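J.: Have a look; sequence and predicted model below, questions after that.
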Amino acid sequence: MKKLIIALFALATYNCNAQTHPFSLSKDHDALLVRDVNRSAAFYSEVLGLEEIDNGGLASSIRWFQLNDLVQIHLIESEEVPASHKGVHMSLHTSQLEAMMKFLQEKQIPFENWPGESSITNTRPDGVKQIYLQDPDGYWIEINDHQL
């Protein structure tokens, strides 16, 4: 009986909930291998409007950008760039999705919805509208209107 009580107590106090995890992880950055760091840097700054930040003293072939939530994207020039797949993408959100779409159209930057229809959004089952575009190296980027 004593073993049963101990086992029940252990079960009751064991919590798999990530919120109780002691490390409190948050996203710091994503690193992308790119063929031409300057071309990619222009896309991330001029098209996505990300702020370029100091790269911590690394070579000029590595450039860092920062989103509004302080998460960073590190662009690393390399001859090896992995193949892209739409299902493997980074996702950004904005409260100005319609304006973003208009901006992309004015800049003649192609985008599509998840099924692949050009220049329109789709709506996920949870009500979030989304579009997808590719950076100069073919990485897929989702932009949606999700309210975090």
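T.: Looks like it came in fine.
J.: contacts for the helix or strand that contains Glu142?
T.: Secondary structure assignment for Glu142, by DSSP states H and E: strand 140-144. With contact meaning C-beta atoms under 8 Å, 6 or more residues apart in numbering, strand 140-144 is reached by 48, 84-86, 88-94, 97, 100, 111, 124, 128-135. (Glycine included, C-beta is placed from N, CA and C.)
J.: Show me those that map onto helices.
T.: Judged by DSSP state H, those include Leu97, Met100 as members of helices.
J.: Would you mind writing the ChimeraX command to select the buried ones in the contacts of strand 140-144?
T.: In ChimeraX, this line selects whichever of the contacts of strand 140-144 come out buried by 16 or more other C-beta atoms under 10 Å:
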select :48,92,93,97,100,111,128,129,130,131,132,133,134,135
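J.: coming back round to it: centre of the chain versus the strand holding Glu142, how much separation?
T.: On the basis of C-alpha atoms, centre = their mean, to the nearest Å, strand 140-144 is displaced by 7 Å from the centre of the chain it belongs to.
J.: and if you look at stretch 37-56?
T.: 14 Å.
J.: now swap in stretch 125-144 and tell me
T.: Taking the mean of its C-alpha atoms, stretch 125-144 sits 9 Å from the chain's own mean (C-alpha atoms, centre = their mean).
J.: Equivalent analysis for stretch 138-148, please.
T.: Using C-alpha atoms, centre = their mean, the offset of stretch 138-148 from its chain centre is 7 Å.
J.: Domain-wise, how is this structure divided?
T.: Per automatic domain parsing, the domain ranges recorded for the chain read 26-80, 82-148.
J.: Which residues are in contact with the residue most central in space within the chain?
T.: With distances taken as C-alpha atoms, centre = their mean, Met90 lies nearest the centre of the chain, 2.9 Å away. For Met90, the contact set (C-beta under 8 Å, 6+ apart) comprises Asp30, Ile73, Tyr139, Trp140, Ile141, Glu142.
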